[in-house]
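**Student:** Sequence first, predicted coordinates after that:
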Amino acid sequence: MAYGKTVELFLVNGTADSLITAELSNWNGKALKIPRIELSACDRKDLYQPGVYFLFCKKDDGTDSVYIGEAENVKERLLQHLRDYQSEKEEYYWNTAVIFVGRDLNKAHIRYLENKLVDIARASKRYEVLTKNTYRNTVLKESQEAVMWEFIDNVKILINALGYKVLEPVLQQTSNNSVTIDDETFYITVGSAVATGKVTSEGFVVLKGTKINEKTSAASLSPGMTKLREKIISSDKVNEFTTTEDILFSSSSAAADFVFGYSVSGPKSWKTKDGRSLKEIEARSSS
């Protein structure tokens, strides 16, 4: 059973575009979200503590990427990232850092956290993970591992609350007992297209293993969808017109356009195994 959580966000300088702290009730950890341009001048004591951090970047092609690291003195390590970029030792340019510190964290703890967080971020496939190497053989006592996994669970909550779904898979298990539309699985079988998908709180997910039409009707699709479809097909998300991972779209229609290669109605096209369309199910759930 899931329980409610209280998250306290504090806008340190009175604006959401500046330094923000985030805390959970009954947890001694803390998150700090800070823009790159404010780092050097910020002299908070908690920035000098041991912790793990996420550096969020956006590439020229719009791809989201993240560097996940650890440091015994987080601020000094982030300043080193700035110096490395200036001296061209690092190629990526990050705009925002999200830092997690906690009472009694030591070097073994933060190395363990970094390794696990990198693994989770890679498995989630929301962001390109820029971290190359982590300490994979860090050994902790069983009791310490339990504390670190609780820390990780709280990191997931706070980083999501701060607007970054870097640790969340596009498909998540529902935690309540009620049957909702996101419990349904939808299908398309037309021509060479054999697709499976699910509704989520973010849009519509085309599931791994979906076979899409090879041709694109540029006259039918919008320029934006044509470009998006070509980008996805040329990426490692698709191999021989079969999806190799779950792919999130903004709507069922966008997902259907991707599968068909031409413009269609998603609510009418996606159907359950017993033939009910997404449109019918949505109409019933809203009545």
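**Tutor:** Arrived safely, thanks for sending.
**Student:** Give me the residues contacting the helix or strand where Glu8 lies.
**Tutor:** Mapping Glu8 onto the secondary structure by DSSP states H and E places it in strand 7-11. Identification of contacts with strand 7-11 by Cβ atoms under 8 Å, 6 or more residues apart in numbering yields Ser18, Leu19, Ile20, Thr21, Ala22, Glu23, Leu24, Ser25, Ile157, Leu158, Ala161, Leu162. Heads up, the C-betas are built off the backbone N, CA and C, glycines and all.
**Student:** just checking, which of the residues you listed belong to strands?
**Tutor:** Among these, the subset assigned to strands under DSSP state E consists of Ile20, Thr21, Ala22, Glu23, Leu24.
**Student:** What strands line up against the strand holding Glu8, and which way round?
**Tutor:** Strand 7-11 sits in its sheet next to strand 20-24 (antiparallel), going by DSSP bridges.
**Student:** what's the neighbour count on the closest residue to Ala123 other than its chain neighbours?
**Tutor:** Of all residues beyond its chain neighbours, the one nearest Ala123 is Pro169 (7.1 Å), with distances taken as Cβ to Cβ, 6 or more residues apart in numbering. Taking other Cβ atoms under 10 Å as the criterion, the count of residues near Pro169 is 16.
**Student:** ok, back up a step: tell me the mean pLDDT over the strand holding Glu8?
**Tutor:** When the per-residue pLDDT values of strand 7-11 are averaged, the result is 96.
**Student:** Output it as PDB - backbone C-alpha positions only.
**Tutor:** Backbone C-alpha positions of strand 7-11 (Å, rounded to 0.1, in the frame of the first residue of the first chain) are rendered in PDB as follows:
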ATOM      1  CA  VAL A   7       7.600  17.400   0.300                       C
ATOM      2  CA  GLU A   8       8.700  20.800   1.400                       C
ATOM      3  CA  LEU A   9      10.100  23.000  -1.300                       C
ATOM      4  CA  PHE A  10      11.800  26.300  -0.300                       C
ATOM      5  CA  LEU A  11      12.600  29.000  -2.900                       C
END
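**Student:** what about the strands in this structure?
**Tutor:** According to DSSP E, the strands that the chain contains are 7-11, 20-24, 29-35, 51-58, 64-71, 94-102, 128-129, 186-190, 193-200, 203-206, 238-239, 242-243, 247-249.
**Student:** possible to save the ones you listed as a markdown table with mean neighbour count and distance to Arg229?
**Tutor:** Compiled in a markdown table, the strands of the chain are given as follows (neighbours: other Cβ atoms under 10 Å; distance: least, Cβ to Cβ, whole Å):
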| stretch | mean neighbour count | distance to Arg229 |
| --- | --- | --- |
| strand 7-11 | 12 | 37 |
| strand 20-24 | 19 | 36 |
| strand 29-35 | 21 | 34 |
| strand 51-58 | 23 | 21 |
| strand 64-71 | 21 | 19 |
| strand 94-102 | 22 | 28 |
| strand 128-129 | 18 | 20 |
| strand 186-190 | 18 | 15 |
| strand 193-200 | 20 | 13 |
| strand 203-206 | 22 | 11 |
| strand 238-239 | 14 | 10 |
| strand 242-243 | 17 | 12 |
| strand 247-249 | 21 | 11 |
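**Student:** Can you tell me how far the residue lying closest to Glu230 once chain neighbours are set aside is from Gly266?
**Tutor:** Spatial nearest neighbour of Glu230, chain neighbours left out: Thr216 (7.2 Å); criterion: Cβ to Cβ, 6+ apart. Look at Thr216 and Gly266: by Cβ to Cβ, to the nearest Å, they are 17 Å apart.
**Student:** Fine, thanks again, bye for now.
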